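# next input, structure requested:
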Amino acid sequence: MKTSRRTFIKTGALAVAGSAVLPELILGCGRQKGMVGLQLYCIRDEMAADPLGSLKQVAVMGYKYVEHANYIDRKFYGYPASEFRKIIDDLGLSMLSGHTVMGSQDWDEAKQDFSDSWKQTIEDAAFMGQKYVVSPWMDDSMRSNYDDFMRYMGVFNKCGELCRKNGMKFGYHNHDFEFSQKLNDTKLFDIMMKNMDPELVVVQLDIGNLYNGGAVAIDVVNQYPGRFENLHVKDEIKSTSGNEEYESCIIGEGIVETQKVVDLATKIGGTKVYIIEQESYQGRTPMECVKADLEIMKEWGYIS
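Numbers count the residues shown, from 1 in each chain. The predicted structure follows:
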């Protein structure tokens, strides 16, 4: 059974509810080397069954950076932060970024403050050495009307301030609804880009997800130059199952024109971090796919 990222995040969020300097840029042929990571959701089943063994395989492939997608009850893939940090360090990996949904329950409107659990999320992310805390979903209740949506844009900026105090940046990761849903006759994504302070909130543009919302990646990068320092590198093909029109595939094999998009994002989008994500595999194993994705990024000149 194929589990979509949307379903995974929504289910995980419901279950859970209860400035750092990047390495010096090394430019070659207009491309940037050294900040290519793996979103561990790509190998979600493997991480669930054997986190340590899976991370070892990732390190052997040549990955240096990872982005987590599992933080529950102050544990990363079942490990307390102190233990998971040691695992990551011992493997020569760095957890550059992490996906944790910031929901409506994480902000106390009366107190004008974040919940203790969200403050702990930030604390644990800082302990792990993360540079980014990324919320990869927005519940329907946060985007049902314009006033509520605008209020949460203010909360996002406040979270950016909180993360900055802890040496990190707050980010938001798009899916498709940001491009297909409108409030006051304006796409959610355009409202977000106008109201999220770029000094406080990083937009982690997923160049694949947006196709299911009717957008085209290269057009979005052109529309908002300088806004995408953290990019989810992905490609898409027509879906063979499920409710979505497109599903992800090995980069360079789909409709996204991923190399062109990544090159443009590097040139005008301010991109410094490249996180590989593939959620569907077309008959190959997840490990085979993420290894192939990494090799392609090397061929394109983004990894030494």
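
# just the helices in the stretch 151-300 of the chain please.
177-180, 188-195, 217-223, 258-268, 286-299 (DSSP state H, counting those that start in this stretch).

# tell me which strands and helices the last one is in contact with?
Packed against helix 286-299, as judged by 3 or more C-beta pairs under 8 Å, 6 or more residues apart in numbering; DSSP states H and E, are the following elements: strand 36-39, helix 44-49, helix 51-61, strand 273-276. C-betas here are computed from N, CA, C, even on glycine.

# give the helix, strand or coil label for the residue sitting furthest away from the middle of the chain.
What lies farthest from the middle of the chain is residue 110; by C-alpha atoms, centre = their mean that is 30.0 Å. Under DSSP: H, G, I helix; E, B strand; the rest coil, the three-state class of residue 110 is coil.

# and it, what is it in contact with?
Contacts for residue 110 (C-beta atoms under 8 Å, 6 or more residues apart in numbering) come out as none.

# need phi/psi at it.
With angles defined as degrees, to the nearest 10, residue 110 sits at phi -70, psi -40.

# nearest spatial neighbour of residue 261, skipping sequence neighbours?
residue 217 (4.7 Å; C-beta to C-beta, 6 or more residues apart in numbering).

# now do the one you found against residue 167, distance only.
30 Å (C-beta to C-beta, to the nearest Å).

# of these two, who's got more company?
More crowded of residue 217 and residue 167, by other C-beta atoms under 10 Å: residue 217, with 27 against 14.

# thought that one was touching residue 223?
No - in this structure residue 217 lies outside contact range of residue 223 using C-beta atoms under 8 Å: 10.7 Å.

# what touches both of these two?
By C-beta under 8 Å, 6+ apart, residue 217 and residue 223 have no common neighbours.

# what's the closest non-adjacent residue to residue 51?
residue 77 (4.3 Å).

# residues in contact with that neighbour?
If a contact means C-beta under 8 Å, 6+ apart, then residue 77 has 40, 47-48, 51, 68, 70, 84 as its contacts.

# top of the residues you listed by neighbour count?
Using other C-beta under 10 Å as the neighbour test, the contacts of residue 77 are led by residue 40, with 25 neighbours.

# pretty sure that residue contacts residue 65?
No - Residue 40 sits out of contact with residue 65 when judged by C-beta under 8 Å, with a separation of 10.9 Å.

# to residue 154, which of the helices and strands packed on helix 286-299 lies closest?
The closest of these to residue 154 is strand 273-276. By C-beta to C-beta, the value is 25.6 Å.

# for that closest one, give me every contacting residue.
In contact with strand 273-276 (C-beta under 8 Å, 6+ apart) are residues 22, 35-39, 42, 65, 67, 96-97, 131-132, 204, 229-234, 251, 262, 290, 293-294, 297, 302.

# any idea how many residues pack against residue 230?
Using other C-beta under 10 Å, residue 230 has 25 other residues around it.

# cool, and residue 116?
By other C-beta under 10 Å, the residues close to residue 116 number 10.

# surely residue 39 touches residue 70?
No - applying C-beta under 8 Å as the test, residue 39 and residue 70 come out as separate, 11.1 Å apart.

# where does pLDDT dip in this protein?
1-34 (pLDDT under 70).

# recalculate using a threshold of 80.
Scanning the chain for pLDDT under 80 picks out 1-34, 304.

# in contact with the residue nearest in space to the middle of it, which residues are there?
The centre of the chain sits closest to residue 173, judged by C-alpha atoms, centre = their mean, with a distance of 5.1 Å. Listed by C-beta under 8 Å, 6+ apart, the contact set of residue 173 reads 99, 134-137, 204, 206, 232.

# let's see it at 7 Å
99, 134-136, 204, 206, 232 (C-beta atoms under 7 Å, 6 or more residues apart in numbering).

# same thing with residue 70?
47, 76-77.

# could you dump these to a markdown table with distance to residue 195?
Below are those laid out as a markdown table (distance: C-beta to C-beta, whole Å):
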| residue | distance to residue 195 |
| --- | --- |
| 47 | 35 |
| 76 | 31 |
| 77 | 34 |
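
# nearest to residue 245, of those residues?
The closest of the contacts of residue 70, once distances to residue 245 are taken by C-beta to C-beta, is residue 47, at 27.6 Å.

# in a markdown table: the helices and strands packed on helix 286-299, plus distance to residue 125.
Supplementary listing: those in a markdown table, determined by distance: least, C-beta to C-beta, whole Å:
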| stretch | distance to residue 125 |
| --- | --- |
| strand 36-39 | 15 |
| helix 44-49 | 18 |
| helix 51-61 | 18 |
| strand 273-276 | 15 |
